[in-house]
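Enquirer: Quick one: sequence plus predicted model below, questions after.
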Amino acid sequence: QVQLVESGGGLVQAGGSLRLSCVASGRSFSAYTMGWFRQAPGKEREFVAHITTGSRSTRYADSVKGRFTISRDNAGNTVYLQMNSLNPEDTAVYYCAAPDRPWVVFPALSEYDHWGQGTQVTVSS
């Protein structure tokens, strides 16, 4: 059974940084694209970033491009999200996710089958 456990969230002032981590277990990690999503109160869950299996390619939401960086450590079964220049609009619960099918380059939201419990990020102005 796939398990994803996020950590690293917290309260930070605008302009600050946080680094989120997500440790995966239950299956081979390296064969799957990994993604980060977020959900703010009263809003739908939205895509933030994802990274392909060998870190060859990454993709970002326009709202975080240039500020956030996704990376992965296949040996450690971990995916990271480095978040810089945070602003109050980044406040949300951040989720790590993985698809059920391996070798899918950039899955659609509906293709992400496994989700972590989320970690809260709060940015104060």
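Expert: Ah, there it is. Residues are numbered from 1 along each chain as shown.
Enquirer: Could you report the neighbour count for the residue nearest to G9 when sequence neighbours are not counted?
Expert: Leaving out its chain neighbours, the residue that sits closest to G9 by C-beta to C-beta, 6 or more residues apart in numbering is T119, at 3.4 Å. From N, CA and C alone the C-beta is placed, and that goes for glycine too. Neighbour count of T119, defined by other C-beta atoms under 10 Å: 22.
Enquirer: I'd say R59 and F106 touch.
Expert: Yes - if you go by C-beta atoms under 8 Å, R59 and F106 touch, sitting 5.8 Å apart.
Enquirer: hey, what's in contact with both of those two?
Expert: H50 (C-beta atoms under 8 Å, 6 or more residues apart in numbering).
Enquirer: For the most centrally placed residue in the chain, list the residues it contacts.
Expert: The chain has W36 as the residue nearest its centroid, 2.1 Å off, counting by C-alpha atoms, centre = their mean. Applying C-beta under 8 Å, 6+ apart, we find W36 in contact with 20, 22, 48-50, 70, 79, 81, 94-97.
Enquirer: Output those in TSV; the columns should cover neighbour count.
Expert: Converted to TSV, the contacts of W36 look like this (neighbours: other C-beta atoms under 10 Å):
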residue	neighbour count
L20	25
C22	25
V48	23
A49	22
H50	24
I70	21
V79	30
L81	27
Y94	23
Y95	22
C96	28
A97	23
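Enquirer: which one of those is nearest V123?
Expert: Among those, Y94 lies closest to V123 (C-beta to C-beta), at 11.7 Å.
Enquirer: can you count the residues close to the nearest residue to that closest one once chain neighbours are set aside?
Expert: Sequence neighbours aside, R38 is the residue nearest to Y94 in space, at 4.8 Å (criterion: C-beta to C-beta, 6+ apart). With neighbours defined by other C-beta under 10 Å, the count for R38 comes to 24.
Enquirer: Does R38 belong to a helix, a strand or coil?
Expert: Recorded secondary structure, R38: strand (DSSP: H, G, I helix; E, B strand; the rest coil).
Enquirer: That one reaches Y95, doesn't it?
Expert: Yes - with contact defined as C-beta under 8 Å, R38 reaches Y95; the gap is 6.9 Å.
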